[in-house]
Structures are given as structure tokens and as C-alpha cells.
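Colleague: For reference, the sequence and a predicted model appear below.
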Amino acid sequence: MTGWLTRHPATLTAENPACLKEVLARCPELDQAAGHVRDFGKILTDRIGSTLPTWIDAVDVSQLPVLTGFLLHLLRDLDAVTARTLSTGVQTAPRAPSTASRRSSGSSTAEPDPNCYAK
């Protein structure tokens, strides 16, 4: 599920968008959060940091706890985040956490089997 939300849409397999749409239709809060995540990804990918204040306002209005916590941390160093998203320098991909650190944090990159969702 997390992979469906955080990966660039072009990297999803053919069936992923349909499964994601089905899951999001069942939970309006998750659908709203997914929209914010996609918008933030676009800001980073397209380097349009000038739109961060509008995005921040939208997230703030939504009052989704998982994103308001992220927002508070983002606001702590907003100038640096904005500068980095406006940068036209060489882009570097973030390093993926090691398997050991994923295991210790309890997170997983595995996607759920769409067949396990009750209809």
C-alpha cells in the first residue's frame, strides 16, 4: 500500500492503479492523504517549491494526524526544504534503508496482495 502511494505513478504495474483506487474508495481519509502525498511528490519531482505554502495550507485544513505531524517537522526548516525543491542542481536519489533498519523499525516495503481485500 505504501509503495502504491509513494512511488512515481509511471513505475506502478498495470493492475496497481485499479487496486489503489479500490482501496482509497473505501476510506475517504486515506484518499485525502493519498492526494496530499501525490501533490507533495509532484512538488519534489517538478521542483516547484514555490507551491509549498499552498500545499501546507491544504494539509493543515485536512487535519489528518499522520500528515500534520509531518507538516510540523517540515515547517521547522521550511526555508531549506523550499530552497532544495527550487534547486536545479544535480538530483540524487535517497538511499533506501537497509533491510535490518526496516526490520527494526517494523516497516516493510512489501505490497499487500490485492486479492486479500474483502469485497
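Modeller: Good, I have the coordinates. Numbers count the residues shown, from 1 in each chain.

Colleague: low-confidence ranges in the chain?
Modeller: Low-confidence regions of the chain, defined by pLDDT under 70, span residues 87-119.

Colleague: In terms of helices and strands, where is the residue nearest the centre of it?
Modeller: In the chain, the residue lying closest to the centroid (CA atoms, centre = their mean) is residue 37, at 3.5 Å. Residue 37 belongs to helix 28-46 when assigned by DSSP states H and E.

Colleague: name the helices or strands packed onto that helix?
Modeller: Other helices and strands packing on helix 28-46, by 3 or more CB pairs under 8 Å, 6 or more residues apart in numbering; DSSP states H and E, are helix 2-6, helix 16-25, helix 52-62, helix 65-76. C-beta: built from backbone N, CA, C; applies to glycine.

Colleague: if we can go back for a sec, would you mind confirming that the residue nearest to the centre of the chain makes contact with residue 6?
Modeller: Yes - counting by CB atoms under 8 Å, residue 37 touches residue 6, with 6.6 Å between them.
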